[in-house]
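Q: Predicted coordinates and the sequence they were generated for:
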Amino acid sequence: MKNVIIIGAGMAGLGTAWRLSEHGYKVNILESDKIIGGLAKTVKIGSRSLDIGPHSFFSEDKEVLKKVLDLFGDEKGAVQYSKKRKMKMIFKGKYVDYPLSLKSIFQMGILSPILSFLSFLRSYIRLSIISLIGKKKKNENPSIEEWAIDNFGEYLYLHFFKPYSEQFWKINTTELSYKVIPSRSKKINFASTLKHLLINKYLDLAKREPGELSLQERESLPTYYPKKGYGEIAYRIGKKIEKKDGIIYTSQNVEEVILKPDNTFEIKTKDKVFNSDIVVSTIPINKIINKIKPIPEKKILNSANKLKYLSLILVYLTTNKRNVIDCEYCYFVDRTFNRVSEMDFITGNIGNNKENLLIVEISCHYEDEMWNRSNEEVFSLCVKDLIKDNLLKKEDILHYEMLRVPSVYPIYRKDYKTHLEETKKYFSQINNFFSIGRQGQFYYGDSDQMIRFGFDTADKIINQIK
Ligand SMILES: Cc1cc2nc3c(=O)[nH]c(=O)nc-3n(C[C@H](O)[C@H](O)[C@H](O)COP(=O)(O)OP(=O)(O)OC[C@H]3O[C@@H](n4cnc5c(N)ncnc54)[C@H](O)[C@@H]3O)c2cc1C
């Protein structure tokens with residue numbers, strides 16, 4: 001049987017290994033971290049179990065859902081079930097229900113809906129005239145600015161799309177592809193625009209291009225949360241792989257992937273060398289490309305190096321105050337952070353813990369000013385904003401922890417598609433090499449979708465070899 005090496009033990013790598021090991025393959029996984037799970041891991045700090053941001057499991061993929069739930073069998077209480085998630089947002093300093101409803105439009109203040117409508121109408125008339133006189137050239141790849149003004153009018157662009165996008169991505173909206181916004185509606189009419197605004201989750205920038213279901217439908221799926229932390233899913237998949245003689249090497253950062261003349265591979269970490277017939281990489285596309293020997297052409301390297309990821313700082317606040325945001329997630333504009341989540345609501349364990357855990361998320365670029373601030377500085381900035389919004393008092397906070405995670409959100413700049421296609425074309429020409437997952441495909445998605453990626457890749461390998 002062919003020898004397979006998987007680089008990265010996140011959901012995509014574990015999904016591939018899980019399926020392959022069930023078909024008799026003895027897989028080796030190389031993971032740079034001390035623990036497995038990637039973005040879906042749970043880190044233990046003292047007595048605290050901390051997920052990489054708020055995670056819960058949901059899926060419309062029947063096979064993936066069943067296999068994940070079967071990991072827990074009928075162990076009592078091993079997986080908590082919680083209902084549809086509830087979210088809020090702050091729009092121009094006011095708390096409004098999210099997704100937006102008629103009520104929340106009025107919560108924004110009486111002027112906002114009127115000005116939004118008038119500005120939308122102006123944009124609509126302008127576009128209609130341009131298209132009537134046949135002057136409008138179709139812009140296949142508009143920036144957020146162009147897309148939002150055309151579809152929503154200048155008012156909502158300036159007061160909503162621009163501030164939120166720039167706060168999240170830390171990039172000017174003129175440079176970001178409209179693809180960062182999950183839009184299905186191409187028609188420009190007020191009804192579809194309103195529907196888009198009310199129904200589609202613009203703010204959930206981490207989730208787009210989903211499979212069969214729309215974003216809203218996925219949000220409505222029942223969610224599950226393992227009692228010992230989200231990372232328990234990865235841990236249990238790991239155990240399944242090991243039971244089938246698979247080996248997961250942790251603390252093994254892959255440094256070099258050598259393409260040998262006989263179409264096999266040599267993979268080097270700091271102190272180990274592995275040989276394999278097939279490689280599945282799930283690490284960032286701009287990282288793996290720089291480990292390949294012989295070094296790819298400059299043009300390919302330049303393209304791959306232009307594909308960048310946004311990083312995330314996570315501040316975990318243990319508080320003695322409960323129901324701080326009174327929902328799973330709250331999104332913010334004009335604050336240090338873009339989202340705060342309350343774990344009691346996510347785990348479905350409301351009011352049962354002695355202490356409450358809030359996760360405050362700050363998106364930033366790797367090694368930018370925010371990334372390089374000291375923990376104390378970041379903490380102070382967050383607390384200042386939480387106090388300003390009357391969510392917490394300083395004395396409510398018992399304790400804090402902080403994690404910095406690089407390569408979290410692929411950044412869709414205006415030119416990303418060209419660079420991505422170029423890079424993927426290069427990988428597709430290497431026999432028996434697969435670059436998959438959120439990082440390897442430069443694709444936003446959830447854990448279940450990454451497990452599916454892994455299953456499908458494993459099936460390709462199994463069928464190729466037959
Ligand atoms: C804040 C946040 C909230 C989320 N919420 C949810 C949610 O509620 N539900 C849900 O289903 N999904 C959620 N997701 C998405 C989910 O976490 C990811 O889609 C999924 O974990 C990605 O898996 P992956 O294997 O593709 O990538 P990763 O998890 O990034 O795995 C890549 C692995 O490669 C390893 N690696 C990197 N470089 C090397 C190297 N040189 N050598 C060896 N190993 C290396 C990394 O350590 C990592 O373990 C969320 C994501 C974030 C960031």
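A: Yep, that arrived.
Q: going forward, measure contacts and count neighbours with C-alpha atoms only.
A: Noted.
Q: Can I get stretch 245-263 in CSV, CA atoms only?
A: The C-alpha trace of stretch 245-263 is given here as CSV (Å, rounded to 0.1, in the frame of the first residue of the first chain):
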residue,chain,number,x,y,z
ASP,A,245,-1.8,2.2,13.5
GLY,A,246,-1.6,5.7,12.2
ILE,A,247,1.1,7.8,13.8
ILE,A,248,0.6,11.5,14.7
TYR,A,249,3.9,13.2,15.3
THR,A,250,3.4,16.4,17.2
SER,A,251,6.0,19.2,17.6
GLN,A,252,7.2,18.3,14.1
ASN,A,253,7.4,21.5,12.0
VAL,A,254,7.8,20.5,8.4
GLU,A,255,10.8,22.4,7.0
GLU,A,256,11.3,20.9,3.6
VAL,A,257,9.4,18.9,1.0
ILE,A,258,11.7,17.5,-1.6
LEU,A,259,10.3,16.3,-4.9
LYS,A,260,12.4,13.4,-5.9
PRO,A,261,13.0,12.4,-9.6
ASP,A,262,11.1,9.1,-9.1
ASN,A,263,8.0,11.2,-8.2
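Q: how far out from the middle of the chain is it?
A: 26 Å (C-alpha atoms, centre = their mean, to the nearest Å).
Q: I'd like the average pLDDT over it.
A: Computed over stretch 245-263, the mean pLDDT rounds to 97.
Q: now Tyr329, nearest residue through space, not along the chain?
A: Ser341 (4.3 Å; C-alpha to C-alpha, 6 or more residues apart in numbering).
Q: If you count contacts, what does the one helix or strand Lys162 maps to end up packed against?
A: With elements taken from DSSP states H and E, the one containing Lys162 is helix 162-169. The contact analysis (3 or more C-alpha pairs under 8 Å, 6 or more residues apart in numbering; DSSP states H and E) places helix 162-169 against strand 356-364.
Q: Paired strands for the strand it packs on, with orientation please.
A: Counting by DSSP bridges, the strands paired with strand 356-364 are strand 309-319 (antiparallel), strand 339-342 (antiparallel).
Q: Could you list the contact residues of the protein toward the ligand?
A: With C-alpha under 6 Å from any ligand atom as the criterion, the chain meets the ligand at residues 7-13, 30-33, 36-40, 52-57, 252-254, 282-283, 408, 437-439, 445-448, 450.
Q: Which among these count as buried?
A: Among the residues of the chain next to the ligand, the ones that count as buried by 16 or more other C-alpha atoms under 10 Å are 7-13, 30-32, 36-40, 52-57, 252-254, 282-283, 408, 437-439, 445-448, 450.
Q: Which members of these are positioned in strands?
A: The members of these that map onto strands under DSSP state E are 7, 30, 408.
Q: and those as TSV, adding distance to Ala234 and pLDDT?
A: Supplementary listing: these in TSV, determined by distance: C-alpha to C-alpha, whole Å; pLDDT from 0 to 100:
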residue	distance to Ala234	pLDDT
Ile7	15	98
Leu30	15	98
Val408	18	96
